[in-house]
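Participant: quick one, fold the following:
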Amino acid sequence: MAIVSHPAPFPPGFKPKWRDMLEKNVALYRRLPEDLTLVVEEMIPWFVEKVFWKWGDWVGHKPDKEMQKVCVACEACVLIARRSKKDYEHFHTFIFHEKHVTDKDGNNWGGWAEPNGTIRQSWRSTINGMVDGIDNHNVTLHEFGHMLDYRDSDFDSVPHFDSKAARFDYQLFFEEEYADICSAWEKKTGNEIIRKYATTDKAEFFTCATEAFFERSEMLKFMRRELYDWMVRIYQMDPAEWPERISQTELADERCDQWGDWMRRSTWQSKSEEMDLWPDGVVAADYAKRYAQEKGRLEREKRERKEREFAEKMRREKERNEKEQREARERDRKEKEESERKARERYLLNNRTIIVEYPNGTPQLKYRLVDGLREGLMQRWDEDGQVREETELVRGKKHGTVIYYHANGEKEMEGFFALNRRAGIWLGWHEDGSPSFRTEYREGELHTWEQFGEDGTSRTYGKVKNRFGA
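Facilitator: Model prediction:
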């Protein structure tokens, strides 16, 4: 998980504050193994320098352009960390848009990759995908997946392979897998791991598979093992074996436990002057390997000791037990493993983030499943990407604050639910922000209603007779 075994120095050109930026904003970065973290950090300065960065019209808060470039560079470099920089030779321009990317037909998108080497991305969609890290919806991974596909100029969801035989085998697999995924979405069964957006065009298959590979690796491995194995072969890494995702706070706590001089308020920027310099002439892969050798020796000795203890235990059991008993234990072991596998699969399906998308792939509805029931904040957006509803849920029921918004972003209504029943004071506003009504609910029933006109006048309705005459 990122850098926790030792205060590793920074690769040439990589600024100390960049490590703080990435740990705060990029969930995937916090999950990377240490050796891969250093390889990605080594590539980021090259990527930032290589790309021509542009910003579209920006009416909100002034963007932190350095942070935006570094975060995008990180996720883009993860995709080629075990491949080759040649994958991005044709890529040259990245354009940030504040809210969404609009095509020539007036349709809005979270991102857009062009074969000529240009990527446009909504910053709102970009940062949401980076920070979440597990919702299977990451615009940067998606669009740079297109860039890998564009390297050979075919736009067919077949990335570059050095081996022609491997490319041919993958193409055969891809045709069958894509047809199966489209069929699964039609039948609405077995489709949970690959986004429905993949069915809109074959060119979207590889990009959506890339999102699932890095954001829901264990689930992809469970549900589509052959596809997962191909992604391991393509990216030359196995994220299902990486550490569990942790927060920035948990990462700091881990360092506090292991490093005597790391405090909870420490940052890489504050510690940079105390740290060793990167050794001259050493590439990140060799540096990580050098520190991994000692760690590997200790782990190897521990593993060998366990293997010897296990071998001795098995020898004694072999002397005590008959053949039938061994066969029974083996049978029980396989049944237990299958039971655990099914239980884990059920857990993954019942504990995940659900996103319902518009036809263009942007989110329409988002909520979290916990033990199969909706839990936490449920959000709803319109086709322009504007949030229109935020409702708090507890065990599948509305419980807590609910807010509705006008299309211009102003609040339309705000109130409370108590176990699916309206409670307390509900307030409403016109699109210009002026009050429109005030209601009070008692035990789930409307008690009073005060309505405000646009001219500031108001009328109050009681429980017996309300504004509907009832």
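
Participant: need the contact list for the residue lying closest to residue 150 once chain neighbours are set aside.
Facilitator: Take residue 150 and drop its neighbours on the chain: the residue closest to it by CB to CB, 6 or more residues apart in numbering is residue 115, 5.0 Å away. Using the backbone N, CA and C atoms, a C-beta is placed for each residue, glycine as well. Taking CB atoms under 8 Å, 6 or more residues apart in numbering, we find residue 115 in contact with 150, 153, 155.

Participant: buried ones from these, can you make that a ChimeraX selection?
Facilitator: Applied in ChimeraX, the following selects the buried portion of the contacts of residue 115 according to 16 or more other CB atoms under 10 Å:
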select :150
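
Participant: now the contacts of residue 115 in JSON lines, with secondary structure?
Facilitator: Shown next, in JSON lines, are these (DSSP: H, G, I helix; E, B strand; the rest coil):
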{"residue": "150", "secondary structure": "helix"}
{"residue": "153", "secondary structure": "coil"}
{"residue": "155", "secondary structure": "coil"}
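
Participant: mind putting the contacts of residue 115 into CSV with pLDDT and distance to residue 3?
Facilitator: Putting those into CSV (pLDDT from 0 to 100; distance: CB to CB, whole Å) gives the following:
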residue, pLDDT, distance to residue 3
150, 91, 33
153, 75, 38
155, 80, 38
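
Participant: could the contacts of residue 115 go into a markdown table alongside distance to residue 248?
Facilitator: Output for those, formatted as a markdown table (distance: CB to CB, whole Å):
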| residue | distance to residue 248 |
| --- | --- |
| 150 | 34 |
| 153 | 40 |
| 155 | 37 |
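
Participant: out of the contacts of residue 115, who's nearest residue 111?
Facilitator: The closest of the contacts of residue 115 to residue 111 turns out to be residue 150 (CB to CB; 14.0 Å).

Participant: residues contacting residue 134?
Facilitator: Residue 134 touches 27, 215-216, 245, 352-353, counting by CB under 8 Å, 6+ apart.

Participant: point me to the helix or strand that includes it.
Facilitator: In this assignment (DSSP states H and E), residue 134 forms part of neither any helix nor any strand.

Participant: what are the phi and psi values at the residue nearest to residue 150?
Facilitator: Backbone torsions for residue 115, taken as degrees, to the nearest 10, come to phi -60, psi -20.

Participant: just residue 460 next, same as before
Facilitator: phi -120, psi 130.

Participant: give me the neighbour count for it.
Facilitator: Residues lying near residue 460 (other CB atoms under 10 Å) number 11.

Participant: give me the nearest residue to it, chain neighbours excluded.
Facilitator: Nearest residue to residue 460, sequence neighbours excluded (CB to CB, 6+ apart): residue 450, at 4.7 Å.

Participant: OK, contacts around the one you found?
Facilitator: Applying CB under 8 Å, 6+ apart to residue 450 gives the contacts 437-439, 458-461.

Participant: only whichever of these are buried, select them in ChimeraX.
Facilitator: ChimeraX command restricting those to the buried ones, with burial defined by 16+ other CB under 10 Å:
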select :437,438,439,461
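
Participant: lowest-pLDDT helix or strand in the protein?
Facilitator: When each helix and strand of the chain is scored by mean pLDDT, DSSP states H and E, helix 284-320 comes last, with a mean of 77.

Participant: for it, list every residue counted as buried.
Facilitator: Neighbour-count burial for helix 284-320 flags 284, 287-288 (criterion: 16+ other CB under 10 Å).

Participant: then stretch 269-288?
Facilitator: By neighbour count on 16+ other CB under 10 Å, the buried set for stretch 269-288 is 271, 278, 284, 287-288.

Participant: kindly report the same for stretch 180-194.
Facilitator: Residues 181-182, 184-185, 191-194 are the ones in stretch 180-194 that count as buried (16+ other CB under 10 Å).

Participant: save the residues you listed as a markdown table, and put in pLDDT and secondary structure too.
Facilitator: Formatted as a markdown table, the buried residues of stretch 180-194 follow (pLDDT from 0 to 100; DSSP: H, G, I helix; E, B strand; the rest coil):
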| residue | pLDDT | secondary structure |
| --- | --- | --- |
| 181 | 93 | helix |
| 182 | 93 | helix |
| 184 | 90 | helix |
| 185 | 91 | helix |
| 191 | 69 | coil |
| 192 | 76 | coil |
| 193 | 89 | coil |
| 194 | 92 | coil |
